[in-house]
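> sequence and predicted structure below; questions after.
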Amino acid sequence: MPKVTIDGHSIVVPDGTTILQAARMIVDAPGYIGENIAPPTMCYHSKLKTSGGYCRSCIVKVSKGSEKDPRPMPKLVASCRTTVMDGMEVMNTTSPEVLEARRGVVEFLLINHPLDCPVCDQAGECHLQDLGYENGGSKTRYDFKRRTFAKIDIGPFIKLHMTRCIMCFRCVKAADQLTNNRYQGMLFRGDASEISTYIEKAIDNDFSGNLIDVCPVGALTDRTFRFKSRVWFTKPMDAHRSCTKCSGKVALWEKGNEILRVTARKDKWGEPESWICNECRFEKKNINDWVIEGPRHIDPHSVISLNHYENVVATMKLDVAKQQKQLADKK
Amino acid sequence: MGKKILLEHINVPGIKGLEVYRQNGGYASVEKALKTMAPDAVVEEVKKSGLRGRGGAGFPTGMKWSFLAKPEGVERYLVVNADESEPGTFKDRYLMERIPHILIEGMITSSFALGAKTSYIYIRGEYFYVSRILEAAIEEAYAAGLLGKNILGSNFSHDIFVQVGAGAYICGEETALLESLEGKRGNPRIKPPFPAIAGLYSCPTVVNNVETIASVPYIVMNGGDEYAKIGIGRSTGTKLISASGHINKPGVYEIEMGVPVEEFIYSEEYCGGILNGKKLKAVVAGGSSVPILPADLILKTEKGEPRLMSYESLSDGGFATGTMLGSGGFMVYDESTSIVKNLYTFARFYHHESCGQCSPCREGTGWMEKILHRIVEGHGKAGDVDMLWDIQRKIEGNTICPLGDAAAWPVASAIRHFRKEFEEYINHPERIRDKMPVV
Amino acid sequence: MSKEIKFNEETLALVDKLMKRYPEGKHKSALIPVLHIAQAEFGGWLSSDTMDYVASLLKIKPIEVYEVASFYSMFNLTPVGKCLIEVCRTSSCWARGSEEVVKHLEKRLGIKEGETTKDGMFTIKTVECLGSCGGAPMLQVGASFHENLTTEKVDTLIEDYKTQGKQKSYTDLDYKNTL
């Protein structure tokens, strides 16, 4: 089993693990205290085969290839698609070169993005917002007309707002891998590429709603939630019901006693824990349909966690752990 | 006159056909390899020859061949890259059009060495008429027992098919080519795995350029050592150069590696000097992707030594003062040429050809084109040149395939060597408005 | 385009033959060649009906055809004139006067680049490098290359095509007989 060191943190991982997975394992390990060294991702999705490699936001520097061949890799590599070798040393947040290149990637992703966050339902849980906030510059240098597309309804539940798309290919892969009838794909090429259903043919499948969850930006949004509320004004609750099609384990987004939206439960990397069916997602909006488990854990730095009581408890737990570790280190 | 290997018989009437081709020693390498050599021995000769990939990257062919995985019971493929789309390059078309059998011969011999039962020629769609010539040549070869079952009575059977593309520069990248050959969009694959392990239909595959494969018969007939004697240093053998632009004699020339650049441009044997007796301004020596060099640096290296047509000499000085041999697309520009406008045509090209898969290339190529467009239209802004420099730097090295680098290098080199010209454009929009020469 | 979207027996046999060039189960490889044939047979462009037909022939999802057809620049997704004049404009062709060629064509045919003449005869299109830099400036009509252009040459060319009534297309080059 290879040992890899990322920004000074070492971990032994199973064969075939990618740098990105290893970095997430380091951060996820119990007792890990330190900054998030896991590279950001826009197109990689652990549950979608062959995803990743396109957006380039997870690029890292391999300063030592392996124990056997210690030469550094000549170019920055996509951490989501590069397998670790024994003795490999990787620089992510510690490499100015990586941070500079990533700033470039963010800028490229944003030059044709409409930046219409004030009217975008994804705002508050958008990976591109996070990426831009954490890795981007504060100004745009792009002063040309941005690319625009007409909005398309993909069936009764999904809105495709192609102008916001960053071409991560996740929805194409999800449509391929989750649904048995692929009606969606990538058309044209270069910066004229677009995701499209052909001739607006509806995606008619029980699991099509998951395309909304895999979209890292506001290109695919839930028509039943459209303009209902900003996500940070809703309360996320874990809930379940017995469902014959899926696990029935979901997150409910409530405002008062009303369920505004149902989504899959997303983990700290923004990926659904399990796929949910359209019936659970779009048709069960009555509080009596669900068994409420309790408030959903939301990352403390997310805008959604503002005034979210569960967050206070989490921060306290973290503080206690931190102090215990510091004490142990001193001894 | 330098040594000719590929074009030796190019002017023999009827060389396009099998009969005349055979009368001139054609297909002897198939006979020799199949009847007297073991496959590995052929690979060994190619290794010894020092032959390097003629498509642009210059990777040693023998080494590429020896990487080919050979798992039991799995098909292997040879795929010939005839997608030739690098601006400035048209040598493969010339070769296939005039003497198609040299490619077919090379493919049979190479496939024997690699143990491939089937090979494909992937030719760009615009060369449709050339694909017909190849189909006709293949048919002749089948009729003569040089293709099909038990070639020349040996145990070796082989089929060759021609696949026509449909207009996409990116399909010259080997993994994009394989995707296209599988009937998909030409999106380059993320490597690893490399084609030698999982290529066409996930089987081990070697992808080689037309010229590379066409060089194999000579190597088999004369031995790798003989081939290695031709040329200079690690640039062995001959190279087809596609010469175009402001020269008196545009065309395809076979040179022995090591010919001085000055001789190549000015001698009657090759380009015949600059058109209309004008002065030389700049040269793109290896296809649009390689750095452009001003006249003084293309004729002599920074050290003052004469620059030679070879991999090493052309790249002498790195990107600061050198360039690359690339695919041998040699484009010459006279003193009246606007480097900025020429760069704009390249930027437009790469923007048009970006597949759109990864963000730096998809977004960056279009951005660079737009900035260059406003500069040539007389609307350039102060700071545009620095911004171009910064954008190309953020594309280079950060993409899935080399198209990103290929789009970045021309921009970087034009700014590096002709920065003043960009500034003239930005500072004197009135000259553009009045249709006056800017520089 | 009232013609029914269906290949005749001969072409169907050709498609079948093409599909056999690839290992079993890999017949999707025939997609690009079959699209070329379909484009030549059904009016020089690929309508969605044509693409759906190709999908049914190859037994693949229509979106797989759409993805491919829209990726490659030689497939026209909108109707074009009987003679599609494609003028190369990259570096060497530009340096040797491709802009003048385009200007002359525009003047001569009374249309702008990207447009089709009213009689549906000619479309002018500018394209990127066609691999004929030694013959710069050059243009392509159908499968034919026309190199070392001058305004006189362009004029003759247009007259010739006017007399012929259409471009030499792929089918004229005997696609069928050489396969």
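Perfect, I can see it now.

> only C-alpha atoms for contact and neighbour calcs from this point on.
Will do.

> just the strands in chain C please.
All strands of chain C, identified by DSSP state E, fall at C:83-88, C:122-127, C:139-141, C:144-146.

> would you reformat those strands as JSON lines and include mean pLDDT and mean neighbour count?
Output for the strands of chain C, formatted as JSON lines (pLDDT from 0 to 100; neighbours: other CA atoms under 10 Å in any protein chain shown):
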{"stretch": "strand C:83-88", "mean pLDDT": "95", "mean neighbour count": "24"}
{"stretch": "strand C:122-127", "mean pLDDT": "96", "mean neighbour count": "21"}
{"stretch": "strand C:139-141", "mean pLDDT": "94", "mean neighbour count": "23"}
{"stretch": "strand C:144-146", "mean pLDDT": "91", "mean neighbour count": "17"}
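
> indicate which one of those strands is closest to chain B.
Closest approach to chain B among the strands of chain C (CA to the nearest CA): strand C:144-146, 7.3 Å.

> quick one: contacts of that closest one?
Contacting residues not belonging to strand C:144-146 are listed as B:129, C:138, C:139, C:140, C:168 [CA atoms under 8 Å, 6 or more residues apart in numbering or on different chains].

> distance from it to the middle of the chain?
Put simply, strand C:144-146 sits 12 Å off its chain's centre (CA atoms, centre = their mean, to the nearest Å).

> strand partners of it, parallel vs antiparallel please.
Counting by DSSP bridges, the strands paired with strand C:144-146 are strand C:139-141 (antiparallel).

> got phi/psi on the residue in the stretch 101-250 of chain A that chain B sits nearest to?
Per CA to the nearest CA, residue A:190 is where the stretch 101-250 of chain A lies closest to chain B, at 3.6 Å. Note on residue A:190: backbone dihedrals following degrees, to the nearest 10 are phi 60, psi -150.

> just the pLDDT at it, thanks.
Here, the pLDDT recorded for residue A:190 equals 94.

> ok, now residue A:203?
We note a pLDDT of 62 for residue A:203 in this prediction.

> now swap in residue A:308 and tell me
So residue A:308 comes in at 57 (pLDDT).

> what about residue A:109, which helix or strand?
Counting by DSSP states H and E, the element that carries residue A:109 is helix A:96-111.

> which outside residues touch the next helix or strand after that helix?
Heading C-terminal from helix A:96-111, the first helix or strand you meet, by DSSP H and E, is helix A:127-135. With contacts defined as CA under 8 Å, 6+ apart, helix A:127-135 is touched by A:40, A:42, A:99, A:102, A:103, A:106, A:123, A:216, A:217.

> cool, and stretch B:41-49?
Stretch B:41-49 is touched from outside by B:33, B:60-63, B:65-66, B:110, B:113-114, B:216, B:219-220, B:223-228, B:236, with contacts defined as CA under 8 Å, 6+ apart.

> chain center to stretch A:159-172: distance?
Counting by CA atoms, centre = their mean, stretch A:159-172 comes out at 13 Å from the chain centroid.

> could you work out the end-to-end span of it for me?
Using CA to CA, to the nearest Å, the end-to-end distance of stretch A:159-172 comes to 15 Å.

> are it and chain C in contact anywhere?
No: shown here: stretch A:159-172 not in contact with chain C (CA under 8 Å from any CA of the partner chain), separated by at least 11.1 Å.

> is that stretch anywhere near chain B?
Yes: shown here: stretch A:159-172 in contact with chain B (CA under 8 Å from any CA) through A:166, A:167.

> which positions in chain B make contact with chain A?
Within chain B, the positions adjacent to chain A are B:190, B:351-360, B:362-364, B:366-367, B:370, B:391, B:394, B:397-400 by CA under 8 Å from any CA.

> mind jotting down where the helices sit in the stretch 1-150 of chain B?
For the stretch 1-150 of chain B, the helices defined by DSSP state H, counting those that start in this stretch occupy B:18-23, B:28-36, B:39-49, B:61-66, B:91-98, B:100-114, B:128-143.

> which residue of chain C sits farthest from its center?
Of all residues in chain C, residue C:24 has its C-alpha farthest from the mean position, at 29.7 Å, by CA atoms, centre = their mean.

> show me what residue of the stretch 1-150 of chain B gets nearest to chain C.
Residue nearest to chain C within the stretch 1-150 of chain B: residue B:90 (4.9 Å; CA to the nearest CA).

> for that residue, give me its contacts.
B:84, B:242, B:252, B:329, C:131, C:132, C:133, C:134 are the contacts of residue B:90 under CA under 8 Å, 6+ apart.

> residues from chain C in reach of chain A?
Residues of chain C found near chain A (CA under 8 Å from any CA) are C:61, C:62, C:63, C:64, C:66, C:67, C:68, C:70, C:71, C:72.

> state the number of residues packed around the nearest residue to residue B:316 once chain neighbours are set aside.
Among residues not flanking residue B:316 along the chain, residue B:322 sits closest, at 5.3 Å (CA to CA, 6 or more residues apart in numbering or on different chains). Neighbour count for residue B:322, taken as other CA atoms under 10 Å in any protein chain shown: 23.

> wait, residue B:322 touches residue B:315, no?
Yes: applying CA atoms under 8 Å, one finds residue B:322 in contact with residue B:315, separated by 4.9 Å.

> contact partners for the residue farthest from the centre of chain C?
So residue C:24 contacts nothing (CA under 8 Å, 6+ apart).

> that one and residue B:201, how far apart?
For residue C:24, the distance to residue B:201 - CA to CA - is 11 Å.

> returning to that earlier point: can you tell me how far the residue of the stretch 1-150 of chain B closest to chain C is from chain A?
Counting by CA to the nearest CA, to the nearest Å, the gap from residue B:90 to chain A is 25 Å.

> tell me where chain A has strands.
A:3-6, A:9-12, A:59-64, A:77-78, A:88-91, A:152-154, A:158-160, A:184-187, A:194-197, A:220-222, A:235-240, A:249-255, A:258-263, A:291-295.

> excluding chain neighbours, what is closest to residue 101?
Let's take chain A. Spatially, and ignoring its direct neighbours in sequence, residue A:101 is nearest to residue B:394 (6.0 Å; CA to CA, 6+ apart).

> that answer is for a different chain, and I need it for chain C
Closest residue to residue C:101 apart from its sequence neighbours, by CA to CA, 6+ apart: residue C:151 at 6.8 Å.

> circling back to that earlier point, and among the helices of the stretch 1-150 of chain B, the most buried is which?
The highest mean neighbour count among the helices of the stretch 1-150 of chain B, using mean count of other CA atoms under 10 Å in any protein chain shown, belongs to helix B:100-114: a mean of 26.
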